[in-house]
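[1] need coordinates for the below:
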Amino acid sequence: MTRPITAGVDGTEESLAALAWAAREAVRRGLPLRVVHAWRAHEALADRDTQRGWVADGVAEAVRTVTGAHPELTVATDVLEGDVVESLVEAAATAETLVLGSRGHGAVVGFLLGSVGRQVIAEAVRPVVLVRAGDRPAAEAAGRDVVVGQHGGPEDSEAALGFAFEAAAARGAAVRAVRAWNLPPVFAYSPASLRLLDDTGGLEPYERRALAEALKPWRERFPEVPVAEQLELGSAGQVLLSAAGRAQLMVVGRRARRTAVGARIGSVAHGVLHHADCPVAVVPHG
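    Residues are numbered from 1 along each chain as shown. Here you go, the predicted model:
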């Protein structure tokens, strides 16, 4: 089954920016575009059929904009009535990527209603891209990198790295793989860990080898994609944001499994979503 690039729209400036980004991504990857509007009827406005007509007209107008810019694009539309979060999470499940709008800087106020975007990102089983209002394709044409965060062992960042390399290959861009490291607290040292550090020549060479090991299979799979490795001492969120200014797309991972308090985005993804100027892809793993 060919998965589409799916864009959620609601007529706002940020959702139209997300739709434009999704259309360009679909063209780059040779995939169809699906445009969805998730909504609930409001009794105070008009009868349900009238409201549904308003929504359908808005979706049709948005689609005319992208088909005018990309006449070769195959586009399907869906008006989904019901719980907004559930509808968008279901739409994401059959998508290659779900693309939503985000309102400016500060807290991620989400899609449509407050925390909806945050909930969708936390619960979606497929990658979700957040695009800010005012996003322009100029950044994609300016030679900027696809920046991806790498942590832990190769399996911990496999999904995010795969997404980043595929995105870079589709754009003819480079990947900048960023790994942050910190000096461990004194109590974390043990005879075994000290031997490991001795064998690898110290903390920084150990971290550099870990980054290289994680990148190795992706370099082999995408030999045409240039790769820059960035290793810095500091918190993962701060180090990633230090690379955001040269990024056309930021890719971060989040753990897909639920905790006792429900699905969560994770502190690194949360920080990047708050402060990065470029579109941010959140890729679930494990």
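
[2] helices and strands around whichever helix in the chain runs longest, which ones?
    Secondary structure of the chain read by DSSP state H shows that its longest helix is helix 48-69. For helix 48-69, the packing partners by 3 or more C-beta pairs under 8 Å, 6 or more residues apart in numbering; DSSP states H and E come out as helix 13-29, strand 33-39, strand 75-81. Every residue, glycine included, has its C-beta placed from N, CA and C.

[3] for these, which one ends up most surrounded?
    strand 33-39 (a mean of 24; mean count of other C-beta atoms under 10 Å).

[4] pLDDT (mean, whole number) over it?
    Averaged across strand 33-39, the pLDDT comes to 91.

[5] pull the residues that contact that strand.
    Residues from elsewhere that reach strand 33-39 (C-beta atoms under 8 Å, 6 or more residues apart in numbering): 4-10, 19, 22-23, 26, 51, 55, 58-59, 62-63, 66, 73-82, 84, 87-88, 91, 95, 112.

[6] need the helices and strands packed on helix 48-69 in CSV (columns: distance to residue 215).
    Formatted as CSV, these follow (distance: least, C-beta to C-beta, whole Å):
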stretch, distance to residue 215
helix 13-29, 22
strand 33-39, 31
strand 75-81, 36
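
[7] tell me which of the ones you listed approaches residue 214 most closely.
    Among those, the nearest to residue 214 by C-beta to C-beta is helix 13-29 (23.8 Å).

[8] by how many degrees do the closest one and strand 75-81 diverge?
    Orientation note: helix 13-29 sits at an angle of 140 degrees relative to strand 75-81 (axes from the mean of the first three to the mean of the last three C-alpha atoms, to 10 degrees).

[9] what's helix 13-29 packed up against?
    So helix 13-29, by 3+ C-beta pairs under 8 Å, 6+ apart, packs with strand 5-8, strand 33-39, helix 48-69, strand 97-102, strand 128-132, helix 158-171.

[10] show me where the stretch 151-286 of the chain has helices.
    Per DSSP state H, counting those that start in this stretch, the stretch 151-286 of the chain carries helices over the ranges 158-171, 191-200, 203-221, 236-242, 267-275.

[11] weakest of those in terms of mean pLDDT?
    Among the helices of the stretch 151-286 of the chain, helix 191-200 carries the lowest mean pLDDT, at a mean of 56.

[12] next one: residue 140 from residue 279, what distance?
    9 Å (C-beta to C-beta, to the nearest Å).

[13] need the overlap of contacts for the two.
    With C-beta under 8 Å, 6+ apart, residue 140 and residue 279 have common neighbours residue 248.

[14] out of the two, which sits in the more crowded spot?
    A count of neighbours by other C-beta atoms under 10 Å puts residue 279 above the other of residue 140 and residue 279, at 23 against 20.

[15] model confidence score at that one, please.
    93.

[16] still on that earlier bit, so which of the helices and strands packed on helix 48-69 gets nearest residue 131?
    Checking the helices and strands packed on helix 48-69 against residue 131 by C-beta to C-beta gives helix 13-29 as the closest, at 4.2 Å.

[17] residues contacting stretch 214-224, please?
    For stretch 214-224, contacts defined as C-beta under 8 Å, 6+ apart pick out 150, 153-154, 156-158, 161-162, 165-166, 168-169, 175, 177, 225, 227, 229.

[18] buried sites along stretch 5-15?
    5, 6, 7, 8, 9, 10, 14, 15 (16 or more other C-beta atoms under 10 Å).

[19] sorry, back to before: render the CA-only coordinates of the longest helix of the chain in CSV, please.
    Once non-C-alpha atoms are left out, helix 48-69 reads as follows in CSV (Å, rounded to 0.1, in the frame of the first residue of the first chain):
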residue,chain,number,x,y,z
ARG,A,48,-24.9,20.3,11.1
ASP,A,49,-25.2,20.0,7.3
THR,A,50,-24.6,23.7,6.9
GLN,A,51,-21.5,23.5,9.0
ARG,A,52,-20.3,20.5,7.1
GLY,A,53,-20.8,22.4,3.9
TRP,A,54,-18.6,25.3,5.2
VAL,A,55,-15.9,22.8,6.1
ALA,A,56,-16.0,21.1,2.7
ASP,A,57,-15.9,24.4,0.9
GLY,A,58,-12.8,25.4,3.0
VAL,A,59,-11.0,22.2,2.2
ALA,A,60,-11.9,22.5,-1.5
GLU,A,61,-10.5,26.0,-1.6
ALA,A,62,-7.2,24.9,0.1
VAL,A,63,-6.9,22.0,-2.3
ARG,A,64,-7.3,24.4,-5.3
THR,A,65,-4.3,26.3,-4.0
VAL,A,66,-2.0,23.3,-4.0
THR,A,67,-3.2,21.8,-7.2
GLY,A,68,-2.7,25.1,-8.9
ALA,A,69,0.9,25.1,-7.7
